[in-house]
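Student: Kindly generate the corresponding structure for this input.
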Amino acid sequence: MTDVLIVGGGLMGAAVARELRDADPSVGIVIADGGPVIGPTPGQHLHDVADARLWERYNQRVASGIQGFYTGVAPTSDVGSLADVEPGMYHLTSLGEDAAEMPAASIAWNAGGMGVHWTAATPAPWGDEIPSFLDSAEWRSDLDRAGELLRVNRNPFPDTEAGTVVTATIEKLFADVDAPGRSVQPMPMAAQRDAAGVLRRTGPNVIFPPIADAATDPHFTLLTETRAIRLIHEGGEVRGAVVQDVRTGATREIRAAATVVCADTMRSPQLLFASGIRPPALGRYLNEHAFLTGRVLADPQRLGFDLPALPAQADGEIMIGHYWQPHSGAAQPFQAQIGVQAFTAEDGTRLACQVGTSLYIPTEIKADNRLEFSGEETDAMGMPRISVRFGWSDRDRELIEQARRTQQALGDALGSFDPDTESALLDPGCSLHFTGTVRMGPADDGTSVCDSDCRVWGFDNLFVAGNGVVPTALVCNSTLTGMTTAVRAARAVLATLG
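Tutor: As a prediction, the model looks like this:
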């Protein structure tokens, strides 16, 4: 018997554990994490892993700057038995799900979840991205705490001449539509420089250090390769979960006074469904912004910067500067991600300066964009098979066309931009910023899965946390917003424990 069982050891699970531990050094915590550990240290971000082979593979995979390409452009064949699968990122299709309508959707099969892979961008939500039914002061406090847990750095890259002129050019372009304080600015990242100047990403073991070495916390247990297959519940009370050893198939029960499911936007509702917990909104309201990627070679002469003087990119970094142009609501509905890259010859000569001009485009929240769970078929994990139902509305497509025009203006202002070769509308799922499938709401009216404290409707001691709880259509990257739900869930768990 433990006080709190956390299903999922990624960023959100780590944050719940950290909040519980900071509040009470004696509370018993068990994290059950289904996947195997990558590298020698649980929860270590792969950007900073000591294993040279893993480090090189990770940095090669993220070199495109598009996290959805981390798993490759097209799904592989079915992975087969999970006991034999190498830990890493996999398309839903590869894990036996029906994801034809969201073909680029992927999830992590490893301890630490996406928290050991993510690119660490943490722009803050604004306007309609913030749930209107939450107390504004409490929301701001939760957002601040989420930033502290992630160790957000508001200016992670040093200023460069090229970055200065690129951002000044973009600022002029958006000056008439920017809301106050919403002009182009450095992209915040969950990354801090160490004594050697290396930009270290925040992984789960940074948020909750005992994940790296459970022996340092006598009241904490980390179980890897141990997946929750069913929650044990009766009469509105969850008493823990049945877990399964991935290697042997053996099952056992973990009893807990409170349970928090942080298994990601796809697998959290899957576990609830498998447990017979099926509120009407479960799996529904699946949302993801559309992703229009782009790039342009900056014209040094026109913009007025010295190409030979560009700094070189540091080992493991794919850019010398990272910026974002926030959305400003209806007047300017897109988030632009601006990455400045230096192309260098073997002799050190600077060959070109490339600027990424990707746009995130908000999409309408619809109940029919959803995950359907089979009552008969199972996936590679032995869980109810998921069928993804997802499509863009007419309004979404209008915004996508508007985004193409905005991207064209961006590219033309910076250099010579050809959308036929330097732009692409990526397949649904490619951003990996999924939300809504266990969404919070102000009332148990069938349109939400949990209340504003992340407590599942109808249960006293069952909570959900993570991006799936976010009820709004995000334009920004989802992790910082999702982290606020971990803060809220932990606070509610502490109240439940008394």
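
Student: going forward, measure contacts between C-alpha atoms and count neighbours the same way
Tutor: Noted.

Student: So the chain: which segments form each domain?
Tutor: 2-153+202-284+436-497, 155-187+290-361+392-427 (automatic domain parsing).

Student: among those, which is the most enclosed?
Tutor: Across the domains of the chain, averaging neighbours per residue (mean count of other CA atoms under 10 Å) puts domain 2-153+202-284+436-497 on top, at a mean of 21.

Student: Quick check, residue 316 in contact with residue 47.
Tutor: Yes: counting by CA atoms under 8 Å, residue 47 is a contact partner of residue 316 at 7.0 Å.

Student: Quickly list what's touching both of the two.
Tutor: residue 59 (CA atoms under 8 Å, 6 or more residues apart in numbering).

Student: And residue 6, which helix or strand is it part of?
Tutor: Per DSSP states H and E, residue 6 falls inside strand 2-7.

Student: Name every strand pairing with that strand and say which way it goes.
Tutor: According to DSSP bridges, strand 2-7 forms sheet pairs with strand 29-33 (parallel), strand 251-261 (parallel).

Student: what residues are up against residue 116?
Tutor: Contacts of residue 116 (CA under 8 Å, 6+ apart): 10, 43-46, 203-204.

Student: ok now do residue 247, which residues does it touch?
Tutor: With CA under 8 Å, 6+ apart, residue 247 has these contacts: 83, 225.

Student: Check the spacing between it and residue 31 real quick.
Tutor: Between residue 247 and residue 31 the computed distance is 18 Å (CA to CA, to the nearest Å).

Student: And the next helix or strand past the helix or strand containing residue 398?
Tutor: Remark: residue 398 resides in helix 394-414, with elements defined by DSSP H and E. Following helix 394-414 in sequence order, the next helix or strand is helix 419-422 (DSSP H and E).

Student: now whatever helix or strand comes next after that next one: mean pLDDT?
Tutor: Once the chain leaves helix 419-422, the next helix or strand it forms, by DSSP H and E, is strand 423-425. For strand 423-425, mean pLDDT rounds to 96.

Student: helices or strands up against the helix or strand just after strand 423-425?
Tutor: Next in sequence after strand 423-425, counting helices and strands by DSSP H and E, comes strand 462-464. Secondary-structure packing of strand 462-464 (3 or more CA pairs under 8 Å, 6 or more residues apart in numbering; DSSP states H and E): strand 251-261, helix 479-497.

Student: Mind putting the ones you listed into JSON lines with distance to residue 186?
Tutor: Listed next are the helices and strands packed on strand 462-464 as JSON lines, based on distance: least, CA to CA, whole Å:
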{"stretch": "strand 251-261", "distance to residue 186": "33"}
{"stretch": "helix 479-497", "distance to residue 186": "16"}
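
Student: Make JSON lines out of these and add mean pLDDT and distance to residue 177.
Tutor: Below are those laid out as JSON lines (pLDDT from 0 to 100; distance: least, CA to CA, whole Å):
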{"stretch": "strand 251-261", "mean pLDDT": "98", "distance to residue 177": "40"}
{"stretch": "helix 479-497", "mean pLDDT": "98", "distance to residue 177": "24"}
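
Student: still on that earlier bit, including distance to residue 436, could the strands paired with strand 2-7 go into JSON lines?
Tutor: Below are the strands paired with strand 2-7 laid out as JSON lines (distance: least, CA to CA, whole Å):
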{"stretch": "strand 29-33", "distance to residue 436": "22"}
{"stretch": "strand 251-261", "distance to residue 436": "15"}
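
Student: gap between residue 437 and residue 338?
Tutor: On the measure of CA to CA, residue 437 and residue 338 end up 30 Å apart.

Student: Repeat that for residue 406.
Tutor: For residue 406 relative to residue 338 (CA to CA), the value is 13 Å.

Student: what do you get for residue 237?
Tutor: Distance from residue 237 to residue 338, by CA to CA: 47 Å.

Student: To residue 287, which of the helices and strands packed on strand 462-464 lies closest?
Tutor: Among these, the nearest to residue 287 by CA to CA is helix 479-497 (13.3 Å).

Student: Helix, strand or coil: sort out residue 277 for me.
Tutor: coil (DSSP: H, G, I helix; E, B strand; the rest coil).

Student: phi, psi of it?
Tutor: Phi and psi for residue 277, reported as degrees, to the nearest 10, are phi -100, psi 100.

Student: Please work out which residues outside the helix holding residue 398 touch it.
Tutor: Against helix 394-414 from outside (CA under 8 Å, 6+ apart): 166, 169-170, 173, 290, 292, 294-299, 303, 334, 357-359, 361-364, 417, 419.

Student: Next: stretch 289-298.
Tutor: So stretch 289-298 is in contact with 352-363, 400, 403-404, 407, 411, 414-417, 419, 422-428, 430-431, 433, 473-475, going by CA under 8 Å, 6+ apart.

Student: Return the alpha-carbon coordinates of it using PDB.
Tutor: Extracted in PDB, the C-alpha atoms of stretch 289-298 (Å, rounded to 0.1, in the frame of the first residue of the first chain):
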ATOM      1  CA  HIS A 289      -2.800  23.000 -34.100                       C
ATOM      2  CA  ALA A 290      -2.000  22.600 -37.800                       C
ATOM      3  CA  PHE A 291       1.700  22.800 -38.700                       C
ATOM      4  CA  LEU A 292       3.000  24.700 -41.700                       C
ATOM      5  CA  THR A 293       6.700  24.300 -41.800                       C
ATOM      6  CA  GLY A 294       9.000  26.600 -43.800                       C
ATOM      7  CA  ARG A 295      12.500  27.900 -44.300                       C
ATOM      8  CA  VAL A 296      14.300  30.600 -46.200                       C
ATOM      9  CA  LEU A 297      17.900  31.500 -46.800                       C
ATOM     10  CA  ALA A 298      18.400  35.000 -45.300                       C
END
